[in-house]
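[1] mind folding the following:
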Amino acid sequence: MSTSVSHPPPVPAPVDRGPATLPVQVRRDLYETMVLSRTFEEAILREYHADKGPGFDIGKGLVPGEMHLSAGQEPVAAGVCAHLTHDDAVTAPHRPHHVAVAHGVDLNRMTAEIFGRETGLGRGRGGHMHLFDPAVHFSCSGIIAEGYPPALGAAFAFKRRGSDAIAVAVTGEGAANQGAFHESLNLAALWSLPVVFVVEDNEWGISVPRSASTAVPSNADRAAGYGIPGVRVEDNDVEAVYEAAERAVSRARSGQGPSLIEVATLRLWGHFEGDAQGYRPELDSLPSLDPLPRYEQRLREAGVLDDAAVAQVKQAATERVESAVAFAKDSPVPDPADVHRYVFAEEQP
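    Predicted coordinates:
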């Protein structure tokens, strides 16, 4: 396992784009969401590794256990969640922070949960792969494809109530080979449920390349087998994600049923922190593909951002994140005497 904490600094790569079609404020909002998400992950990276040495002991420190960070996948969450309200339900996979941030999960309580503190979303009992925020209908799970069936349940409830709320289920491309994925698409199509399925294709299922695990070139093609629309967004393009999600969300809200969006995205860091990534031959090229500096450059060229605006966005994100980290560190750890509390239904957090 690697003992290194830092990651290569991103280097913007030239991007040839067509004319902008999105309003300036939308583009600015997408950028701000991506910056906040990345700033959060960088802070968690720092705090996670701060006391894991020498030799990287995964069980040591303020944040013991595995940690799956989402740097590089921000365009998916930003582009999709821009169309949602807090009445909509969102389920995320084991790499959930970017989705939680984009959907407006309480940053203080989420950070406290990651640190295992009593003020966390689950009173420190769940950790970073089991974040639940009923205030914004957000949940996630460490079990592959596990978020799809609960999203169907939420969508079914919304439909029965006559609400225009929808559910969004986000998972990785490896989950598209699980039974829960196919069962969920089938049932959602059969009952015409208001749900949007989102597949994040970062090309790696832990250390297994997509080409060695999946028989079809695009999981979006699988949508046709269930009679629903499927689209694949290339190049980790946040604006293309936004536009695809706009169509899928509108379809779900208007009672036309489910859709599937697959996004070709990027896992900049390891599957988990401490992953040496010896299986990845493309590591040297990753910094130039980082979606955050690429989008920032695109917005600068379009006149949406300048030095002052970038500095303002980054400073605001840093202040929010550091405040959340301080809140978590200042919060009490659960009392060991309470280990059996909240196990049964009559004692909910």
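[2] for residue 143, what are its contacts?
    residue 94 (Cβ atoms under 8 Å, 6 or more residues apart in numbering). (Each C-beta comes from the backbone N, C-alpha and C, glycine too.)
[3] and it, that one's in a strand?
    No. Counting by DSSP: H, G, I helix; E, B strand; the rest coil, one finds residue 143 to be coil, located in no strand.
[4] need the pLDDT of it.
    Reading off the confidence values, residue 143 has pLDDT 93.
[5] how close does it get to residue 150?
    11 Å (Cβ to Cβ, to the nearest Å).
[6] likewise for residue 52?
    When distances are taken as Cβ to Cβ, residue 52 and residue 150 turn out to be 33 Å apart.
[7] neighbour count: the two, which is higher?
    residue 52 (22 against 17; other Cβ atoms under 10 Å).
[8] helix, strand, or coil at the more buried one?
    coil.
[9] residue 293: how many residues sit nearby?
    Residues lying near residue 293 (other Cβ under 10 Å) number 16.
[10] same question for residue 41.
    Residue 41 sits with 24 neighbouring residues when counted by other Cβ under 10 Å.
[11] which other helices and strands contact the helix or strand where it lies?
    When elements are assigned from DSSP states H and E, residue 41 belongs to helix 24-49. Here helix 24-49 is seen to pack against helix 74-81, helix 97-102, helix 107-114, helix 238-253, helix 291-301, helix 307-330 when contacts are counted using 3 or more Cβ pairs under 8 Å, 6 or more residues apart in numbering; DSSP states H and E.
[12] and that helix, what's buried?
    27-28, 30-45, 47-49 (16 or more other Cβ atoms under 10 Å).
[13] how far away from the center of its chain is stretch 275-288?
    The offset between the C-alpha centroid of stretch 275-288 and the centroid of the whole chain comes to 21 Å, using Cα atoms, centre = their mean, to the nearest Å.
[14] also stretch 239-246?
    With Cα atoms, centre = their mean as the basis, the distance from the averaged C-alpha position of stretch 239-246 to the chain average is 16 Å.
[15] again with stretch 105-117
    Averaging C-alpha positions (Cα atoms, centre = their mean) puts stretch 105-117 16 Å from its chain's average.
[16] same check on stretch 76-85?
    Averaged over its C-alpha atoms, stretch 76-85 has a centre that lies 10 Å from its chain's centre (Cα atoms, centre = their mean).
[17] measure that stretch end to end?
    Taking Cα to Cα, to the nearest Å, the first and last residues of stretch 76-85 lie 16 Å apart.
[18] what about residue 67, how many neighbours?
    Residue 67 is flanked by 25 other residues according to other Cβ under 10 Å.
[19] wouldn't it be in contact with residue 44 here?
    Yes. Residue 67 sits in contact with residue 44 when judged by Cβ atoms under 8 Å, with a separation of 7.0 Å.
[20] need the residues touching each of those two.
    Counting by Cβ under 8 Å, 6+ apart, the residues touching both residue 67 and residue 44 are residue 128.
[21] show me where pLDDT drops low in the chain?
    When the per-residue scores of the chain are filtered using pLDDT under 70, the ranges that remain are 1-20, 345-349.
[22] switch the cut-off to 80
    For the chain, residues meeting the criterion pLDDT under 80 lie at 1-20, 343-349.
[23] most remote residue from it's center?
    The outermost residue of the chain, judged by C-alpha distance from the chain's mean C-alpha position using Cα atoms, centre = their mean, is residue 337 at 34.0 Å.
[24] what about it, is that helix, strand or coil?
    Each residue gets one of three states, and residue 337 gets helix by three-state DSSP.
[25] how much space is there between it and residue 117?
    Computed as Cβ to Cβ, the residue 337 to residue 117 distance reads 16 Å.
[26] what's the answer for residue 326, then?
    The spacing between residue 326 and residue 117, counted by Cβ to Cβ, is 12 Å.
[27] before we move on, what about residue 93?
    For residue 93, the distance to residue 117 - Cβ to Cβ - is 23 Å.
[28] who has more neighbours, those two?
    Each of residue 93 and residue 117 has its neighbours counted (other Cβ under 10 Å); residue 93 has more, 25 against 21.
[29] which strand or helix spans the nearest residue to that one once chain neighbours are set aside?
    In this structure, residue 93 finds its nearest non-sequential neighbour in residue 171, 4.8 Å apart by Cβ to Cβ, 6 or more residues apart in numbering. Mapping residue 171 onto the secondary structure by DSSP H and E places it in strand 167-172.
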